[in-house]
Structures are given as structure tokens and as C-alpha cells.
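Peer 1: generate a structure from the sequence data that follows.
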Amino acid sequence: MTLAELIAQARTALDTAITARQQEQDALMALRSDETLTEEQARAQIERRDAADAEVTRRQAALEQLEAEQAREDELAQLQARTVPAATRAPAYDRVHRVGAEERTYRPDQDRRGAGFERDVAAAFLGDYEARDRLARHMAEERVERGEQLQRAVGTGAFAGLVVPQYLTDMYAPQAQANRPFADAIRHHDLPSQGMQVNISRVTTGASVDLQTAENTAVTEQDMDDTNLSIPVQTAAGQQTISRQSIERGAGVEAVVMDDLFRRYNTNLDNKVLNQATTGLTNVATAVAYTDATPTAAEVYPKVIEALAGVEASMLDMASGDNLAVMHSRRWYWMQNAMGSTWPLITQPGIIAQTLGANYATSYGRGVRGILPNGTPVVVDNNIAANLGAGTNEDEIYLVDRQECHLWEDPDAPMYIRAEQTKAASLGVLLVVYGYFAYTHQRYPHARKIAGTGLITPTYTGV
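Peer 2: Below you'll find the predicted structure:
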């Protein structure tokens, strides 16, 4: 690797470190605005911010050292040019080394289907040093050309961070998944490094305050009590055995399989947070019935307001006001199809009174899709079941306080295992993806769901 390539790599690493440091600073500022912030939480976040700051300093020093070396090399080159005797004859054209655009290690004109790349990946795991060198060159090239996209890529010693050559993935069409819109929208925490339970203490009996009946008489007293909320840490995992032939003679097979496993991991986690028996959102939310043989969007909106009123009544002074509506994509488009001649009597900040909300025109899985007439953000998630009710054709609309839907995840999840020995006798390679997570919507039971025959398969009739 040339000095110029090392400098480009160091600059990318510094940019990555600066971005990580900014994220930790933003997280610290957001944490400080949380009224429930504890000193321990603040100290832990400050330590993470300081660690990221130290990493920026280290990366900066490494870059400055490389740039100093480059400056010295340039100075020596200029010095050498000045000290060459004038009578020295210039070398012939074909005796001069010239610097140009170096060819990529893996190129479509030489390895159109990616077989060489896949063979090197397999061979590197078996200790082929030449294959490792080629992969190392490829990763250096990727960092120079697409460094901002590879912030989490690791070195080739681990190989978990290998990047498939871009030309092999441009036309790859993965199977569509519902993914994790709701899981990404709710409140996140880092999963503790040990233990298979997350425990939260909930005050279930509070103190009491009342008028003193007379001077020097006893004032009211009520013994406080709490209940431990135990949240299990769960393991989501999937595996796939692929043949060595498909790796060595196929094109990008391993990368395609791993991408599919990661996407299914995300979809499964989100599905559990919404639908898991006993603890999923649909099973802990209080129902607001909407029963109607001829449902309309104008009729369902008051149910949304009723549900939000229930959320606030449950939370009282613990309500964050950061409410969220979660619905299936078919319900979101059904609400957009409605036309009307009336509008709310009370206007909302930033909302045109004559509309039934606003569509932000963002694509599926990219966060908030729009807002309802009262300003409540909408997240669309197709992990919401659409086969509920007696006719198995109903979906549900959920209204929650976003800050009271909690999800703990390992910061490195999902993890990746590649095992060759296990399936060696059948020339198979076992790929496993797994991760640990825990969640609860019950620290303050508050969630509401609109359900009933009014939410059957929608017909788009403009009402």
C-alpha cells in the first residue's frame, strides 16, 4: 500500500471518529434534557463521549504523522531533482515509471460474475495468504472510493466486514421484507453485557397527601410499595448452510445469503415487539373499538383522538407528549384516499385546517411517513397483522408514547458466525446470524389500539 493510500485511509478513519464523537455528544445533550436522567446515566454517557473524543485525537495524530512523512518524501524528491547533474541524460520513455490510475483488484471485465472474489473469501479462511493480500487490497480500494459508506467495516483479519465489489451488487434484488420500522422508532437502550433479564422497579403504591384535620393531629401517611418488572432477554437467530461449490464457483453467494439473514433478523425482532404473545404491543394495548360495516377515514379519526386521550390519561405527568401512531401501509394509504368538506374545529401548529394530516413522501422503513390532523407522527409497519378479527381481514392502529416503548439491543447485534468444520464432510459452510434483545411497553401501561370491523381490508373510494 502506498503512502497516499495510507493517508486516504487515515482521513476516512478520522472522519468516522469525528462522526462517532458527534453522535455521542448529541446523545449526551438529548440525555440532559430527559427529566428522569440519573447521575450514573449522565456519567456513563460522558465517559462514552470522552472515549470517542480520545479516538478522534488518536486518529488525528496518526494522520498528521503520515502527512508529515508525505511532506518529507515530497521534499526529498524535489531535492533529488535539483541535485541531478545537468549533463545526465534523460532516460528513454520506456524506462520511466509513471503513476496513473491503478486497476481495481476485482473488475467486471476480468471477473464479471465475482467468482474470483468468492474464491478468495473461501481461500482466505483456509489460510491462503495470497488471497488475504488480494482481499486486503480490495478493502483498501473500497475505503478510498467509498469510505463514508464503510464506517463499520473491519479489517480482513476478521473478514466479517468484507465488502462485496460494488459491480456485483448493483443489480442484486433481495427478497422484500417488512424490516423494523417500529423497532427503529421507539426508545433504544444498550443491552447490559451480562444476564438474561432486565429488571425495572415500578412504584405501584404511592405516598398520600391530604388536609390535616386539625392542628397537632397526625397527617396522612401511606406506605409506598414497588413491584419488580422483569423483562426477559431473548435470542433471535437464523442459519443457512451453503455449499462450498456455490461459494467457490458462484457470484456473491455468501454476501447475498448474509444480507437475507440480516434482513430477516430485523423483521423477526420487529414482529416480536409488535405481535409476540403476552408482551407484544397488540397484546398489552387497551382496545378502542371501531365497529362499522361501511368505515370511513373521517370516522376513524375521532377514535385516534380517543386513543390518544387514553394514552395521556394513563401517563398523566409522566407523559412525554412524544406520541406515535403505528399502522399498516394499507391503512395509511386508505386514510390518504379520503376526501372531505369539513375540518377540525381546533387547529394544530403547522397543520392546514382543511387537511386530514400531511404525507411526508418518505419511503417505507425511512422513519416517520407523515402526520395526522392533530400533529401525531405516523410510522408505517407491515409487520402489523392484517388477518385479525372474525373475518381474518382486520388490522389495527396503535397509539403510544414513543418514550415508553423500550427496546434493549446489543450494540453489535446482529452477530455473524461462519463455520466450515461443522459441515466439512458434506462440503458445506454454515452461516449463522444471532442477537440478544429485550423490550417492554409496560413500564407505564399506556398503549392503545384501534380495532374492530371498521378496520377490515380497505376499499379506496375517496371516503
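Peer 1: how about the nearest residue to W332, chain neighbours excluded?
Peer 2: With sequence-adjacent residues excluded and distances taken as Cβ to Cβ, 6 or more residues apart in numbering, W332 is closest to V380, at 4.9 Å. C-beta here means a position set from N, CA and C on the backbone, and glycine is covered the same way.
Peer 1: thought that neighbour was touching S329?
Peer 2: Yes. Between V380 and S329 there is a contact at 4.9 Å, judged by Cβ atoms under 8 Å.
Peer 1: the residue nearest to W332 - how many residues pack around it?
Peer 2: 25 (other Cβ atoms under 10 Å).
Peer 1: what's opposite it in the beta bridge?
Peer 2: Per DSSP bridges, the residues bridged to V380 are M327.
Peer 1: how about the contacts made by it?
Peer 2: With contacts taken as Cβ atoms under 8 Å, 6 or more residues apart in numbering, V380 has the following neighbours: P181, V326, M327, H328, S329, W332, Y364, R369.
Peer 1: ok, of those, which come out buried?
Peer 2: P181, V326, M327, H328, S329, W332, R369 (16 or more other Cβ atoms under 10 Å).
Peer 1: gap between E141 and V326?
Peer 2: Counting by Cβ to Cβ, to the nearest Å, the gap from E141 to V326 is 42 Å.
Peer 1: before we move on, what about T457?
Peer 2: For T457, the distance to V326 under the criterion Cβ to Cβ works out to 19 Å.
Peer 1: what do you get for A44?
Peer 2: Between A44 and V326 the computed distance is 30 Å (Cβ to Cβ).
Peer 1: over to I247?
Peer 2: When distance is defined by Cβ to Cβ, I247 is 40 Å away from V326.
Peer 1: next helix or strand past the helix-or-strand element of the chain with minimal mean pLDDT?
Peer 2: Least confident helix or strand of the chain, by mean pLDDT, DSSP states H and E, is helix 166-169 with a mean of 58. The C-terminal neighbour of helix 166-169 among helices and strands, as given by DSSP states H and E, is helix 181-185.
Peer 1: got a list of contacts for that next one?
Peer 2: Outside helix 181-185, the residues that touch it by Cβ under 8 Å, 6+ apart are 266, 269-270, 273-274, 281, 324, 326, 364-365, 367-368, 379-381, 383, 402, 407.
Peer 1: hang on, the earlier thing: farthest pair within the contacts of V380?
Peer 2: Using Cβ to Cβ, the contacts of V380 span at most 13.3 Å, a distance reached by V326 and Y364.
Peer 1: pLDDT weak spots in the stretch 151-300 of the chain?
Peer 2: Regions of the stretch 151-300 of the chain meeting the criterion pLDDT under 70 cover residues 151-173, 250-252.
Peer 1: give me that answer again for 80
Peer 2: Residues of the stretch 151-300 of the chain meeting the criterion pLDDT under 80: 151-175, 247-256.
Peer 1: show me where it has its helices.
Peer 2: Listed in chain order, the helices of the stretch 151-300 of the chain (DSSP state H, counting those that start in this stretch) span residues 166-169, 181-185, 244-249, 253-275, 281-284, 297-315.
Peer 1: tell me where this protein has strands.
Peer 2: Along the chain, counting by DSSP state E, strands occupy 187-190, 197-205, 225-232, 234-243, 286-289, 323-327, 358-359, 370-371, 377-380, 397-401, 406-409, 415-419, 428-440, 448-451.
Peer 1: buried set for the longest one?
Peer 2: The reference is to strand 428-440. Of the residues in strand 428-440, those buried under the neighbour-count criterion (16+ other Cβ under 10 Å) are 428-440.
Peer 1: out of the residues you listed, which comes closest to G127?
Peer 2: Taking those together and measuring to G127 by Cβ to Cβ, the closest member is V429, at 15.5 Å.
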